[in-house]
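# Next comes the sequence, and after it the predicted model I'd like to discuss.
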Amino acid sequence: MCCWCSCLECIHNIPPLNLLFPHFSDRALPAGEEGAAVSMASISVPNPVPPATEDAENIRKAVQGWGTDEKALIDILGRRTAAQRAEIALAYEGLYNETLLDRLHSELSGDFRSAMMLWTMDPAARDAKLAHKALKKKGDRHVWVLIEVACASSPDHLVAVRKAYCAAYSASLEEDVAACPLYKDPLKQFLVRLVSSYRYSGELVDDELARAEAAELHDAVVARKQTLHGDVVRIVSSRSKPQLKATFERFRQEHGKAIDDVLEELRSDQLAAMLKTAVWCLASPEKHFAEVIRSSIVGLGTDEESLTRAIVSRAEVDMKKVKEEYKVRYRKTVTGDVNGDTSGYYNGILLTLVGPE
């Protein structure tokens with residue numbers, strides 16, 4: 001049976017991105033803003049970092065023999081950056097004539113295997129895999145995945161995801177979204193625009209444009225009650241993140257309420273809920289991912305897929321901000337809630353990625 005994001009057939013469809021697209025630098029890889037990735041990542045990388053060949057040899061020792069040393073795998077892979085993990089995978093395959101993902105798949109099981117394989121994958125290939133699986137499942141939580149990939153990432157990362165998706169599935173991400181029978185317009189049109197966007201990544205902001213487009217958003221969302229009006233789709237899917245933050249701030253100043261608060265009041269409407277998800281992923285991704293973690297834990301049972309995705313995808317980006325937001329909003333810690341709802345080596349890799357609190 002295929003575990004979440006650990007199906008070998010699917011994994012093998014996605015070649016290492018650094019081999020497919022060598023012109024992409026490491027800066028394109030993390031699913032977030034590059035500056036944030038430097039200071040707000042939660043993983044603890046040793047100093048000095050062992051050579052990739054040494055890590056590969058120690059991983060081999062951990063998976064040989066009668067048992068698997070899961071703790072050693074966590075200590076090595078859970079404390080390396082994406083670029084370092086890619087070097088380890090390359091060294092491992094060169095030394096032992098098998099891929100690291102193949103070995104992890106054969107040695108591990110359950111939620112621990114899913115988390116380790118997601119973490120070990122190239123970040124762009126990982127997001128391509130997540131998006132492809134989300135297109136086959138019903139429910140708002142799976143729409144969240146597409147919005148996260150499109151909006152909680154840097155423009156270069158989204159391009160890398162789209163290239164990885166094409167390489168793996170012989171189709172573009174945007175055409176698969178457009179053809180997905182689970183979505184109807186205007187949500188489908190909104191999602192297509194989001195995944196096919198390439199935003200300006202600089203800091204330049206036009207204050208007059210922010211004022212004008214804040215008025216357009218208010219007119220569409222509040223006055224006309226058309227959450228995904230064409231103007232809304234155009235603005236949210238095309239403007240840079242600094243420009244959108246300025247527009248959302250002008251909206252709050254002019255109308256006395258933040259746009260996400262307005263959309264929260266309309267949360268029973270799916271379109272409003274999805275627009276709010278996009279607004280958060282674009283302007284305050286830590287709010288969205290704190291909610292994903294919390295909602296995956298509360299209630300009956302744990303949504304391991306969502307919990308794993310949120311922690312794995314943000315550990316190298318802004319997990320420190322996610323933890324701060326979580327503590328303020330829920331008066332609990334991510335560490336405490338993860339400890340309360342998970343166990344074993346699955347708990348071990350999640351806590352390693354979350355970092356100390």
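Arrived safely, thanks for sending. Just so it is clear, the model here is predicted, and its values are computed rather than measured.
# Break this structure into its domains for me.
Domain segmentation of the chain under automatic domain parsing yields 35-122, 123-198, 199-283, 285-354.
# With mean pLDDT as extra columns, can I get those domains in TSV?
Shown next, in TSV, are the domains of the chain (pLDDT from 0 to 100):
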stretch	mean pLDDT
domain 35-122	93
domain 123-198	97
domain 199-283	96
domain 285-354	96
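# my guess is Leu118 contacts Thr308, does it?
Yes - at 6.3 Å, Leu118 and Thr308 qualify as touching, with contact defined as C-beta atoms under 8 Å. Using the backbone N, CA and C atoms, a C-beta is placed for each residue, glycine as well.
# Look at these two and report which has more neighbours.
Ranked by neighbour count (other C-beta atoms under 10 Å), Leu118 and Thr308 place Thr308 first, with 25 against 22.
# contacting residues for that one?
Trp4, Asp111, Ser114, Ala115, Leu118, Leu350 (C-beta atoms under 8 Å, 6 or more residues apart in numbering).
# which SSE is the third one in?
Using DSSP states H and E, Ser114 sits within helix 110-120.
# Same check on Asn47?
Per DSSP H and E, there is no helix or strand for Asn47.
# And Lys71, by the same measure?
Per DSSP H and E, Lys71 falls inside helix 70-77.
# ok, residues contacting that helix?
Counting by C-beta under 8 Å, 6+ apart, 55, 58-59, 61-63, 85, 88, 104, 108, 112, 116, 119-120, 345, 348-349, 352 sit against helix 70-77.
# Helices along the stretch 101-250 of the chain, start to end?
For the stretch 101-250 of the chain, applying DSSP state H, counting those that start in this stretch gives helices covering 110-120, 123-134, 140-151, 155-169, 173-179, 187-195, 207-218, 230-238, 241-255.
# Identify whichever of these lies nearest to Val334.
Taking C-beta to C-beta, helix 110-120 is the member of the helices of the stretch 101-250 of the chain nearest to Val334, at 14.8 Å.
# Please work out the angle formed by the directions of the closest one and helix 123-134.
130 degrees (axes from the mean of the first three to the mean of the last three C-alpha atoms, to 10 degrees).
# Show me what counts as buried in helix 110-120.
Within helix 110-120, the residues that count as buried by 16 or more other C-beta atoms under 10 Å are Asp111, Phe112, Arg113, Ser114, Ala115, Met116, Met117, Leu118, Trp119, Thr120.
# What's the separation between the first one and His132?
It refers to Asp111. According to C-beta to C-beta, to the nearest Å, Asp111 and His132 sit 20 Å apart.
# again with the fifth one
Here Ala115 is placed at a distance of 18 Å from His132 (C-beta to C-beta).
# ok, now the last one?
Thr120 sits 18 Å away from His132, taking C-beta to C-beta as the criterion.
# what residue is smack in the middle of this protein?
Closest to where the C-alpha atoms of the chain average out (C-alpha atoms, centre = their mean) is Ser313, at 4.2 Å.
# which phi and psi does that one have?
Ser313 adopts backbone torsions of phi -80, psi -20, taken as degrees, to the nearest 10.
# same thing with Val205?
The phi/psi pair for Val205 (degrees, to the nearest 10) is phi -130, psi 140.
# how about it, what does it touch?
Contacts of Val205 (C-beta under 8 Å, 6+ apart): Pro242, Gln243, Ala246.
# what does stretch 292-300 rub up against?
Applying C-beta under 8 Å, 6+ apart, the set of residues contacting stretch 292-300 is 144, 302-307, 309-311, 322, 326, 329-330, 334, 337-338, 340-341.
# what about the one helix or strand Val279 maps to, distance to the chain center?
Using DSSP H and E, Val279 maps to helix 270-283. Averaging C-alpha positions (C-alpha atoms, centre = their mean, to the nearest Å) puts helix 270-283 15 Å from its chain's average.
# Dump it to CSV, keeping only the CA atoms.
What follows is helix 270-283 as a C-alpha-only set of coordinates in CSV (Å, rounded to 0.1, in the frame of the first residue of the first chain):
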residue,chain,number,x,y,z
GLN,A,270,-15.7,28.1,0.6
LEU,A,271,-14.5,30.9,-1.8
ALA,A,272,-14.0,33.3,1.1
ALA,A,273,-12.1,30.6,3.1
MET,A,274,-9.8,29.9,0.2
LEU,A,275,-9.2,33.6,-0.5
LYS,A,276,-8.3,34.0,3.2
THR,A,277,-5.8,31.1,2.9
ALA,A,278,-4.2,32.8,-0.1
VAL,A,279,-4.1,36.2,1.8
TRP,A,280,-2.4,34.5,4.8
CYS,A,281,0.1,32.5,2.6
LEU,A,282,1.1,35.6,0.7
ALA,A,283,1.3,38.1,3.6
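# Give me the contacts around that helix.
140, 143-144, 147-148, 150-152, 186-187, 190, 194, 221, 227-228, 232, 236, 241, 244-245, 248, 259-260, 263-264, 266-267, 287-288, 291.
# out of these, which are buried?
So, by 16+ other C-beta under 10 Å, the buried ones in the contacts of helix 270-283 are 143-144, 147-148, 150-152, 186-187, 190, 194, 221, 227-228, 232, 236, 241, 244-245, 248, 259-260, 263, 266, 287-288, 291.
# What's the end-to-end length of stretch 127-143?
Its start and end residues considered, stretch 127-143 measures 13 Å (C-alpha to C-alpha, to the nearest Å).
# And it, what's buried?
Asp127, Ala128, Lys129, Leu130, Ala131, His132, Lys133, Ala134, Leu135, Arg141, His142, Val143.
# Now find how far off-centre the helix or strand containing Val328 is within its chain.
Using DSSP H and E, the element containing Val328 is helix 319-330. Counting by C-alpha atoms, centre = their mean, helix 319-330 is centred 16 Å from the centre of its parent chain.
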